[in-house]
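> compute the structure for the input listed below.
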Amino acid sequence: MGSKVKEEAMRSLIRTETPDILLVQETKLEDIVFLQASKKLWFKSEARAISARGASGGIGTLWNASKFAVTFEARNTHWLLLKMQNLDTKEIFCLFNVHSPVNVGEKKDCWDSIRHQANLINLKNIIIAGDLNLTPHSSEKRGGSAV
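Reported below is the predicted structural model:
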């Protein structure tokens with residue numbers, strides 16, 4: 001986000017794929033700026049966002065407001081949890097939009113906080129999606145498997 005090219009690419013994706021929910025990572029925007037931009041991209045949507053840290057990060061979740069309602073939300077630097085109800089079926093599910101850190105220590109903290117949040121409110125029907133950064137990086141131990 002933040003550039004005309006990216007905004008047009010998202011607008012095109014929304015127009016051609018007609019998603020009910022759209023998860024965005026690396027928005028590189030403050031939450032309020034992302035929320036304002038989301039209204040221009042997808043008119044029927046509601047959205048929640050987490051601000052970027054400096055020039056990186058940022059998470060945005062958009063959904064079709066005529067199909068889903070948010071009944072609970074929680075946030076962390078690296079994830080946004082929305083407990084949502086399908087307005088047609090009345091089914092409830094929990095959606096984590098994650099932008100997991102690359103650093104192994106921060107990654108462990110991120111996943112521990114997701115586990116803690118899930119246990120804290122006894123979440124069921126959990127979907128975890130986003131940029132999970134599961135591939136090993138040069139800063140991690142070579143020869144090992146992904147975390």
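> now the lengthiest helix in the chain: how far from the chain's centre is it?
As assigned by DSSP state H, the longest helix anywhere in the chain is helix 104-120. Helix 104-120 sits 15 Å away from the centroid of its parent chain (Cα atoms, centre = their mean, to the nearest Å).
> do stretch 93-105 as well
8 Å.
> in that stretch, what counts as buried?
Of the residues in stretch 93-105, those buried under the neighbour-count criterion (16 or more other Cβ atoms under 10 Å) are 94, 95, 96, 97, 98, 99, 100, 101. For glycine as for every other residue, the C-beta is placed from the backbone atoms N, C-alpha and C.
> okay, and which of those map to helices?
Cross-referencing those against helices under DSSP H gives no overlap.
> could you save these as CSV and add columns showing distance to residue 42 and pLDDT?
What follows is those, written out as CSV (distance: Cβ to Cβ, whole Å; pLDDT from 0 to 100):
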residue, distance to residue 42, pLDDT
94, 22, 95
95, 17, 97
96, 21, 97
97, 15, 98
98, 21, 97
99, 20, 96
100, 25, 94
101, 28, 92
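> need the max-distance pair from the residues you listed.
Maximum pairwise distance among those (Cβ to Cβ): 21.4 Å, between 94 and 101.
> quick check: the residue nearest the centre of the chain vs residue 5, distance?
When Cα atoms, centre = their mean is applied to the chain, the residue found nearest the centroid is residue 97 (2.7 Å). Between residue 97 and residue 5 the distance is 23 Å, computed by Cβ to Cβ, to the nearest Å.
> low-scoring stretches of the protein, by residue?
By pLDDT under 70, the low-scoring segments of the chain are 1-2, 136-147.
> show me where it has helices.
Taking DSSP H as the test, the helices found in the chain are 4-17, 31-41, 104-120.
> can you add distance to residue 59 and give those back as JSON lines?
Output for the helices of the chain, formatted as JSON lines (distance: least, Cβ to Cβ, whole Å):
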{"stretch": "helix 4-17", "distance to residue 59": "14"}
{"stretch": "helix 31-41", "distance to residue 59": "9"}
{"stretch": "helix 104-120", "distance to residue 59": "12"}
